[in-house]
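Colleague: Provided below for reference: sequence and predicted model.
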Amino acid sequence: MNNKQKTKINYQKSGVSIDRADKLISSLKSENINKDKNVLSNIGGFSSLYKIDTKIKDPVIVSGTDGVGTKLKIANKLKCHKHIGQDLVAMCANDIITSGAKPLFFLDYLATSKIKQNIHSDVLKSIKNACYKCGMSLIGGETAEMPGMYHKDDYDLAGFCVGIVSQKKIISPKKVKSGNIIIGLPSSGFHSNGFSLINKLIESKRLKLNKVFQKSNLGNILIKPTRLYFKIINSLQKEIQINGLAHITGGGITDNVPRILPDNLSASIDLHTLKIPNIFRYIQDLSKIDDLEMLQTFNCGIGMAVIVDEKNISKVDKIFKKNRQPYKIIGQVIHKPSKEKIIYVD
């Protein structure tokens, strides 16, 4: 028999603290921003309940899930976590509104080696504030301590968003016709895509986060949160028929606009009107990649593409001006001249 006294190994000694998780969730509960009467459960239970509005005729549930990728590495390097939650919400909410849906509720998943109140409370508050901006509720989530999987301040984020749309109002490729106009809504910067390339530039010392670019710190430019498009798209939907919406994420304009086109149509994009912003050109110069690679890696200044009938352009202009929404007419839907789903014109 081994006489050596074995010490107790409990959850706390394995690196997991239930108290830390409870404290973090309690701080979120105390900030009750959005009092949605359809939420039938409070944060912290085993499941989340949401009552569907019966006023919507032939309701269709729309869902989306995403993360923020390696932009988290930038947040950790800068020790700035107050925006990353909006990135998470936007990546999910901007996806589901492309079907014409109204976002209803959101759930998040945060995994880390050790919960740190000063870091993770900023992340969760950012998620909740972004949900409020979209008019939806944060109704649940999961926070997990996994010291064997993550190291130091590393953490990962994922989100799940649910929306609703009347079946007759679903936006689908069936509505897109030849001659339709493609409008680009500006991004706030890099959003949450292309950061594996950006992080590689940092590792190779080609890019320094403290460098000043056009009177702004590069780190501050890169950490800008992803723009939320629900309010402006909702305003547009109330006035005109939107034929197509493309959230410009990974794959850029090149891969995302074709996703909303019928098989027999292509998108002709005017590069002169698009005019890739200087900050993207700066990254392009550091990367030594060509325009086509840029357009398939980054959003290149366009966060959402909107396809409408040409006859509605004046109405669109009026609505955007009323809402102080900048935009560009970046192209047109055309009959497919070749195998290409997207054609760039200088």
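Modeller: Thanks, I have the structure now.

Colleague: from the contact counts, what lies against the longest helix anywhere in the chain?
Modeller: Ranked by residue count and defined by DSSP state H, the top helix of the chain is helix 117-133. In terms of contact count using 3 or more Cβ pairs under 8 Å, 6 or more residues apart in numbering; DSSP states H and E, helix 117-133 is assigned the packing partners helix 18-29, helix 84-96, strand 102-112, strand 137-145, strand 155-166. To be clear about C-beta, it is placed using only N, CA and C from the backbone, and glycine gets the same treatment.

Colleague: for I232, which of the ones you listed is the nearest?
Modeller: Distances from I232 to each of the helices and strands packed on helix 117-133 were compared by Cβ to Cβ, and the smallest falls on helix 84-96, at 11.2 Å.

Colleague: need the pLDDT of the residue nearest the centre of the chain.
Modeller: Nearest to the mean C-alpha position of the chain, by Cα atoms, centre = their mean, lies M91 at 1.8 Å. M91 is assigned a pLDDT of 98 by the prediction.

Colleague: do I have it right that it meets V68?
Modeller: Yes. If you go by Cβ atoms under 8 Å, M91 and V68 touch, sitting 6.4 Å apart.

Colleague: which residues do these two both contact?
Modeller: The contact sets of M91 and V68 overlap at S192 (Cβ atoms under 8 Å, 6 or more residues apart in numbering).

Colleague: report the buried residues of stretch 163-182.
Modeller: Using 16 or more other Cβ atoms under 10 Å as the test for burial, stretch 163-182 gives G163, I164, V165, K169, I171, K175, V176, N180, I181, I182.

Colleague: what residues are up against G135?
Modeller: G135 touches N34, K102, P103, F230, K231, counting by Cβ under 8 Å, 6+ apart.

Colleague: roughly how far apart are it and L197?
Modeller: Shown here: G135 relative to L197, a distance of 34 Å by Cβ to Cβ, to the nearest Å.

Colleague: pLDDT of stretch 290-306, averaged?
Modeller: Confidence over stretch 290-306, taken as the mean pLDDT, stands at 97.

Colleague: meant to ask about stretch 195-206
Modeller: 96.

Colleague: centre of the chain to it, how far?
Modeller: On the basis of Cα atoms, centre = their mean, to the nearest Å, stretch 195-206 is displaced by 21 Å from the centre of the chain it belongs to.

Colleague: what does that stretch contact?
Modeller: Outside of stretch 195-206, the residues within contact range by Cβ under 8 Å, 6+ apart are 69-71, 73-74, 77, 190, 207-209, 222, 283, 286-287, 297.

Colleague: related to what we said a few turns ago, farthest pair in the buried residues of stretch 163-182?
Modeller: Within those, I164 and I181 form the most distant pair, 28.0 Å apart (Cβ to Cβ).

Colleague: residue contacts, the residue nearest to the centre of the chain?
Modeller: When the contact criterion is Cβ under 8 Å, 6+ apart, the partners of M91 are D66, G67, V68, G159, H191, S192, T226, T249.

Colleague: any idea how far it is from K55?
Modeller: In this structure, M91 and K55 are separated by 29 Å, where distance is defined by Cβ to Cβ.

Colleague: in stretch 132-149, what's buried?
Modeller: With burial defined by 16+ other Cβ under 10 Å, the residues of stretch 132-149 counted as buried are K133, C134, M136, S137, L138, I139, G140, G141, T143, E145.

Colleague: list the contacts for the second one?
Modeller: Contacts here follow Cβ under 8 Å, 6+ apart; on that basis C134 touches V89, A93, P103, L228, F230, K231.

Colleague: hang on, the earlier thing: filter the contacts of M91 down to the buried ones, ChimeraX style.
Modeller: If you want just the buried ones from the contacts of M91 in ChimeraX, going by 16+ other Cβ under 10 Å, the selection is:
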select :66,67,68,159,191,192,226,249
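
Colleague: as CSV, the contacts of M91 with pLDDT, secondary structure and distance to V39 would be great.
Modeller: As requested, these are arranged in CSV below (pLDDT from 0 to 100; DSSP: H, G, I helix; E, B strand; the rest coil; distance: Cβ to Cβ, whole Å):
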residue, pLDDT, secondary structure, distance to V39
D66, 97, strand, 22
G67, 96, strand, 24
V68, 96, coil, 25
G159, 97, strand, 17
H191, 97, coil, 28
S192, 96, coil, 27
T226, 98, coil, 25
T249, 97, coil, 28
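
Colleague: make a markdown table from the contacts of M91 and add distance to P326 to it.
Modeller: A markdown table is the format used below for those (distance: Cβ to Cβ, whole Å):
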| residue | distance to P326 |
| --- | --- |
| D66 | 25 |
| G67 | 28 |
| V68 | 25 |
| G159 | 27 |
| H191 | 16 |
| S192 | 21 |
| T226 | 17 |
| T249 | 20 |
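
Colleague: farthest-separated two in the contacts of M91?
Modeller: G159 and H191 (14.5 Å).

Colleague: flag the shaky bits of the chain, pLDDT-wise.
Modeller: The chain contains residues with pLDDT under 70 at 1-35, 42-44.
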